[in-house]
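# no FASTA, just this:
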């Protein structure tokens, strides 16, 4: 690491005085969980996604889990999952008593490759990921119930429609590396009244409705505190601003790297990228990644090839997923990045691969 330059951080949430004041106001009320701020936060999410419902929960993984449960599938039913994604996408399927069936990804888009999908007699649904915020081509997917893993795609548009409104349910994360953050948190968006009711029931131990005295079936505690929603409300109100800032940073990277032998991220023509991360692909990724880190640049791998993890190793080779796993590298990406930091990161990459 250099002796004079501070680290270039991988991520940094864009929070400040408005979020601090909102948290203080909730603390003052003494109503710290499942109070009015939850409903207010949900209304902002539903408005942004153009859906009838948004149900806020404790994490993006909780959102995925509840969306899968809401499908009402039978034990052993199969759900299609991209082979290149964060493991939570497949984990929630397996932990619901279902079988995640991996599908290879397009090595350029890094989203599921529709030409590699095989639908069998037990295939009952699909979990499509808008990876790193790039909208998936959902119109090319088979006619199955579709859950969108839109964890990094808040604000993204596919053919003019918001991600999160393209399937039976959309699932979001508000982790600190996401465009909008609550620290931890998630949400499910849907136009289906029954799906929304099931998710509300399951997030609150199984009570239906939450104020009832009877619990018709067991559920989970996936509630989200008012304190976290208080952070999320001003964040949601700034979504256009936050997305515009991340789009500007992405453009800065692309302009600086366009002449190098790397694959740059982009959305399909007419789509709007959600820019949760800026992930390039290059040869000899591990050497470059180690060298960047040694210079205080907090780069990271993109995400995981699930078939190379012990939990999902029995499903065979997926060359597209293996390629992007070995070549994908996430660069520092947040709204506080300065022009000089963009220069520092890209100059370092240039010196390592030119």
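Nice, thanks for sending it over. Since the structure is predicted, the reported quantities are computational estimates derived from the model, not experimental observations.
# give me every residue that touches the residue nearest to residue 133 when sequence neighbours are not counted.
Counting by C-beta to C-beta, 6 or more residues apart in numbering, the nearest residue to residue 133 once its immediate chain neighbours are dropped is residue 274, at 2.8 Å. The C-beta positions use only the backbone N, C-alpha and C, and glycine is treated the same way. With contacts defined as C-beta atoms under 8 Å, 6 or more residues apart in numbering, residue 274 is in contact with 130, 132-135, 150, 152-156, 163, 179, 243.
# can we see that at 10 Å?
Contact analysis of residue 274 by C-beta atoms under 10 Å, 6 or more residues apart in numbering lists 130-135, 150-157, 162-163, 178-179, 243, 246-247, 267.
# Mind checking which of these are buried?
Burial by neighbour count, 16 or more other C-beta atoms under 10 Å: within those this picks out 130-135, 150-157, 162-163, 178-179, 243, 246, 267.
# Mind checking which of those land in helices?
The helices, defined by DSSP state H, take in 243, 246 from the buried ones among the contacts of residue 274.
# can you tell me which of the buried ones among the contacts of residue 274 are in strands?
157, 162 (DSSP state E).
# Strands of the stretch 1-150 of the chain, start to end?
53-57, 78-82, 99-103, 123-129, 146-149 (DSSP state E, counting those that start in this stretch).
# how about those, which one is nearest residue 219?
Across the strands of the stretch 1-150 of the chain, residue 219 has its closest neighbour in strand 53-57 (11.7 Å, C-beta to C-beta).
# what mean pLDDT does that closest one have?
Confidence over strand 53-57 (mean pLDDT, whole number) is 98.
# chain center to it, what's the gap?
Here strand 53-57 shows a centroid-to-chain-centroid distance of 15 Å under the convention C-alpha atoms, centre = their mean, to the nearest Å.
# just stretch 209-227 next, same as before
On the basis of C-alpha atoms, centre = their mean, stretch 209-227 is displaced by 25 Å from the centre of the chain it belongs to.
# again, but for stretch 78-96
The answer for stretch 78-96 is 13 Å, by C-alpha atoms, centre = their mean.
# now stretch 125-138
Using C-alpha atoms, centre = their mean, the distance from the centre of stretch 125-138 to the centre of the chain it belongs to is 10 Å.
# Need the distance between the two termini of that stretch.
One end of stretch 125-138 to the other measures 13 Å (C-alpha to C-alpha, to the nearest Å).
# show me where pLDDT drops low in the protein?
Within the chain, the segments meeting pLDDT under 70 span 1-3, 210-211.
# Nearest residue to the middle of it?
In the chain, the centroid-proximal residue (C-alpha atoms, centre = their mean) is residue 151; its distance is 2.0 Å.
# Which residue, other than its chain neighbours, is closest to it?
residue 173 (3.9 Å).
# what's the burial count for the one you found?
Counted with other C-beta atoms under 10 Å, the neighbours of residue 173 add up to 29.
# cool, and residue 20?
Counted with other C-beta under 10 Å, residues neighbouring residue 20 total 13.
# any idea how far it is from residue 185?
Distance of residue 20 to residue 185, given as C-beta to C-beta, to the nearest Å: 17 Å.
# Please apply the same query to residue 54.
In this view, residue 54 and residue 185 are 12 Å apart by C-beta to C-beta.
# For the residue nearest to residue 151, give me its contacts.
Contacts were defined as C-beta under 10 Å, 6+ apart; by that measure residue 173 touches 59-64, 86, 88, 149-154, 180-182, 184-187, 276.
# And for residue 191?
Residue 191 makes contacts with 46, 49, 50, 51, 52, 53, 165, 167, 168, 169, as judged by C-beta under 10 Å, 6+ apart.
# Fine by me, thanks again.
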